[in-house]
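In: Sequence first, predicted coordinates after that:
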Amino acid sequence: MKNKKDLTKNTPSKKAQATTQEIIIKHTMRKLRKQFNYYDMPGETNNSPSLTVPDQTLGIKELLNNHTRGISSNVKMYEGQYFDTEIPQIDDLTDLDAFREDIKARETALKAKIKEENDKKVLERQKALEKETGTTETPKYEPKEEKS
C-alpha cells in the first residue's frame, strides 16, 4: 500500500498571515450579497450607556390585574380610524378612471353647494342691513375661478 499524505497536519498556507487588525475588521464587517457580487458593510457598535432600569417589568398576572382595575400601564394605544366613505377595490385601470371621475363630480357638487350657501348668507345679511339702515351693502369682490 502506498502511504497517503496525512491531511490533518497543519500545512503552511500560501497566503501571508493576516494581522490581528485585519482579522478584527473582517470579523466586524458584514457581507451583503447582491446577485454575483459581495459588498462589505461595516457593523455598528453601541457605546452608549444602557437605558434599562432593573425591576421595572410587570408580569402577565400583574398586567391583567391592573387592566381589570382600570390602572393604566403607560402603553400607547392606537385608535382605529373609521370613515363614512367606502374605500373602493380597484382591480383594473378602468375602475381607477371611473373612481377619479366620481371624485371630480363630488368635488364640483360640493363647490357648488358651498357657493350656494355663501350666496344665501350674503343675501340674508343684505336684507338684515336694509331693514336696519335702509341702505344696501356693496358685495365683496370675488374673482372668478378659472377652470383647469
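Out: Okay, I see it.

In: Confidence-wise, which helix or strand of this structure is lowest on average?
Out: strand 29-34 (a mean of 59; mean pLDDT, DSSP states H and E).

In: And the helices in this protein, which stretches?
Out: 20-28, 60-69, 93-133 (DSSP state H).

In: Nearest to Ser50 among those helices would be which one?
Out: Closest approach to Ser50 among those (Cβ to Cβ): helix 20-28, 20.8 Å. Where you see a C-beta, it was placed from the backbone N, CA and C, and this is true even at glycine.

In: Now do Asp91 against Arg106, distance only.
Out: 22 Å (Cβ to Cβ, to the nearest Å).

In: Could you do Asn66 as well?
Out: 47 Å.

In: Ramachandran coordinates for the residue most central in space within the chain?
Out: Computing the C-alpha centroid of the chain and ranking residues by Cα atoms, centre = their mean puts Tyr78 first, at 14.0 Å. Phi and psi for Tyr78, reported as degrees, to the nearest 10, are phi -100, psi 130.

In: For it, give its distance to Ile103.
Out: In terms of Cβ to Cβ, Tyr78 sits 28 Å off from Ile103.

In: neighbour-wise, which of Asp91 and Arg106 wins?
Out: Arg106 (11 against 8; other Cβ atoms under 10 Å).

In: who's in contact with the more buried one?
Out: Contacts for Arg106 (Cβ atoms under 8 Å, 6 or more residues apart in numbering) come out as none.
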